[in-house]
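# Got a sequence here, can you model it:
(one chain, ligands or ions: 2)
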Amino acid sequence: MSTATEPIRGGQPSIPETLPEKHRETLPLGPLKNIHVFWMAGMSCDGCTITVAGATNPGVEGLLNGTVPAMPKMLLHHPVLSVEAGAEFMQSFRDAWERKLEDPYVVVFEGSVPDERIAARTGGYWSAMGSEVVGEGSEGEGRLVPTTEWLSRLAPGAAATIAIGTCATWGGVPAAEGNPTGAMSVMDFLGKDYRSAFGLPVINIPGCAPQGDNFTETVFAILLFLQGLGPLPAFDELGRPSWLYGETVHRGCTRAGYYEEGVFTHEYGGAECLVEIGCWGPVVNCNIVKRGAINHMGGCMEAGGVCIACTMPGFPDKFSPFYKAPPGGIVSTATSRSVGGVIRRLRRLSNRHANRERRWDVNNDVPSGWAHLPKQNLGLTVMEFFYQKWQLWGARKPGRRPGEEERFWGATRPGKPSDYHDTSVSEGK
Ligand code: SF4
Ligand code: SF4
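Ligands and ions are numbered 1, 2, ... in the order given. You can find the predicted model right below:
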């Protein structure tokens, strides 16, 4: 539960109005000098705040300082990061609700949206921010304002509403089987017909926690649009930035080559593909292995961990228990084992061939002091001969034609480097 530090003047919170208010307006296109960002936290662990604070490409500092060319300055109202507290902090939220702000605003919601009606039955609340007095004069009664209510107040007038993290985008862990708080996503709460003041449905940046740059990059793209300097970024049917979530983890995974060749590890941190110990990467939309967890470093598989599908709407129920291999993986891993096993062996031969200079092939000797490399056997030589014939089929063989010049002078490997130059010159004879 989260609250701002504003004093409460007694009384129990009343049952909040959970439906978003119907109010539309049209905002002017840019250039905008400032833009407010109202960050709210529902059923949240604040992990999304941490990940965004750590974003580097782009980072948020430039926006907060107003130093990014063509971008408006971001005026952030954040329950944890803002300097203001209590009534002073909440005043900007009230101004936005009452449409008193001079500049447009964006709503960012972190954490899932609880059903406050459940908590109100016992006189409590799940998540609240600020308090207010209901009623006139001495009859007035103080109450905490559920974050859910702030969302329904501010979302209709926002230039854009962005749900960050899997709790806000799809309900996440708080909405898992059982769901005592009635937790739901921002999209579930605002409904299908919700549009921001600029006509945008909810924008979703999933992940638990999401990759921070995915959020900042999307915000930059939206701001360019609001500035009138760029097109509306492409979003998929679930409101995810399609250029960030269009591919599966597996396609960008550094271990995908092992999967293809049918090599699987059976312990966390192993070097090979992790699918047999529970990786869901082949069916999960996420770019963390391509982008890294932070500053292009890390990411689940890079750190030796399996993908538990934290970016997906079905998370966590459809992917648990996390320690078990996905049943669907059995078919593909069995195929990879049989087909990939053959391919792997053939590639090993080609790899060995590619690891030799042409000179070594001709001399059939590798002058390495690191190891004794055996001479090539006849079978392999014949195979490589036909392989090269196939490779050069219809093409001109590189280099000079045979007979025009002796390519490897002396034919056999000379004994020492001085055999390659006239030592009488260097020794002044
Ligand atoms: S570790 Fe997961 S994402 Fe990576 S190759 Fe294996 S199955 Fe695919
Ligand atoms: S790889 Fe899987 S577990 Fe890791 S961030 Fe992406 S979706 Fe979540």
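# Return the residues of the stretch 101-250 of the chain in contact with ligand 1.
249-250 (CB under 6 Å from any ligand atom). C-beta: built from backbone N, CA, C; applies to glycine.
# So the closest residue to ligand 1 within the stretch 101-250 of the chain, which state does it fall into?
Residue nearest to ligand 1 within the stretch 101-250 of the chain: residue 250 (3.6 Å; CB to the nearest ligand atom). Assigned with DSSP: H, G, I helix; E, B strand; the rest coil, residue 250 falls in the helix class.
# so how far is residue 178 from the residue in the stretch 151-300 of the chain positioned nearest to ligand 1?
For the stretch 151-300 of the chain and ligand 1, the shortest gap (CB to the nearest ligand atom) falls at residue 281, measuring 2.3 Å. Per CB to CB, to the nearest Å, residue 281 is found 27 Å from residue 178.
# same question, residue 344
Residue 344 is 45 Å from residue 178, by CB to CB.
# how does the protein divide into domains?
34-119+143-245, 247-355, 364-410 (automatic domain parsing).
# okay, residue 135: pLDDT?
Predicted confidence (pLDDT) for residue 135: 76.
# Verify the contact between it and residue 143 for me.
No - the criterion here is CB atoms under 8 Å, and residue 135 misses it with residue 143 at 9.8 Å.
# For those two, indicate the residue with more neighbours.
Per other CB atoms under 10 Å, whichever of residue 135 and residue 143 has more neighbours is residue 143, with 21 against 11.
# buried sites along the helix or strand where that one lies?
Residue 143 belongs to strand 141-146 when assigned by DSSP states H and E. Buried residues in strand 141-146, defined by neighbour count with 16 or more other CB atoms under 10 Å: 142-146.
# If you average pLDDT over each of the domains of the chain, which is lowest?
domain 364-410 (a mean of 82).
# Keeping just the C-alphas, turn stretch 49-64 into PDB.
Output of stretch 49-64 as PDB, limited to C-alpha atoms (Å, rounded to 0.1, in the frame of the first residue of the first chain):
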ATOM      1  CA  THR A  49      10.700   3.300 -11.000                       C
ATOM      2  CA  ILE A  50      14.200   1.800 -10.300                       C
ATOM      3  CA  THR A  51      14.500   0.400 -13.800                       C
ATOM      4  CA  VAL A  52      13.600   3.700 -15.400                       C
ATOM      5  CA  ALA A  53      16.000   5.600 -13.100                       C
ATOM      6  CA  GLY A  54      18.700   3.300 -14.500                       C
ATOM      7  CA  ALA A  55      17.800   3.700 -18.200                       C
ATOM      8  CA  THR A  56      20.700   4.900 -20.300                       C
ATOM      9  CA  ASN A  57      19.700   4.900 -23.900                       C
ATOM     10  CA  PRO A  58      18.100   7.300 -23.600                       C
ATOM     11  CA  GLY A  59      18.300   8.300 -20.000                       C
ATOM     12  CA  VAL A  60      15.700  10.500 -18.200                       C
ATOM     13  CA  GLU A  61      18.200  13.100 -17.000                       C
ATOM     14  CA  GLY A  62      18.100  15.100 -20.200                       C
ATOM     15  CA  LEU A  63      14.300  15.200 -20.200                       C
ATOM     16  CA  LEU A  64      14.200  16.300 -16.600                       C
END
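# and it with ligand 2, contact?
No - under the criterion of CB under 6 Å from any ligand atom, ligand 2 is not reached by stretch 49-64; the shortest gap measures 10.5 Å.
# from the chain's centre, how far out does that stretch sit?
Mean-position distance between stretch 49-64 and its chain equals 14 Å (CA atoms, centre = their mean, to the nearest Å).
# Same check on stretch 320-332?
22 Å.
# Over to stretch 36-52?
16 Å.
# quick one on the thing from earlier: how about the residue of the stretch 151-300 of the chain closest to ligand 1, what does it touch?
When contacts are counted by CB atoms under 8 Å, 6 or more residues apart in numbering, residue 281 touches 248-250, 253, 274-275, 301, 306-307.
# next one: residue 241
203, 205, 214, 217-218, 221, 233-235 are the contacts of residue 241 under CB under 8 Å, 6+ apart.
# was I right about residue 214 contacting residue 220?
No - using CB under 8 Å, residue 214 is not in contact with residue 220; the gap is 11.2 Å.
# quick one, which of the two is more surrounded?
residue 214 (25 against 18).
# The residue nearest to residue 337 when sequence neighbours are not counted sits in which helix or strand?
Counting by CB to CB, 6 or more residues apart in numbering, residue 337 lies nearest to residue 262, which is 3.9 Å off, once chain neighbours are set aside. Mapping residue 262 onto the secondary structure by DSSP H and E places it in no helix or strand at all.
# And the residue of the stretch 1-150 of the chain closest to ligand 1?
residue 51 (20.6 Å).
# Looks to me like that residue is in a helix.
Yes - judged by three-state DSSP, residue 51 forms part of a helix.
# what residues are up against it?
Contacts for residue 51 (CB under 8 Å, 6+ apart) come out as 207, 209-212, 215, 294.
# All the strands of the protein, residue numbers only.
34-41, 73-77, 105-110, 128-134, 141-146, 160-164, 203-205 (DSSP state E).
# ok so, going back, what helices and strands are in contact with the strand holding residue 143?
If contacts are counted by 3 or more CB pairs under 8 Å, 6 or more residues apart in numbering; DSSP states H and E, strand 141-146 sits against strand 128-134.
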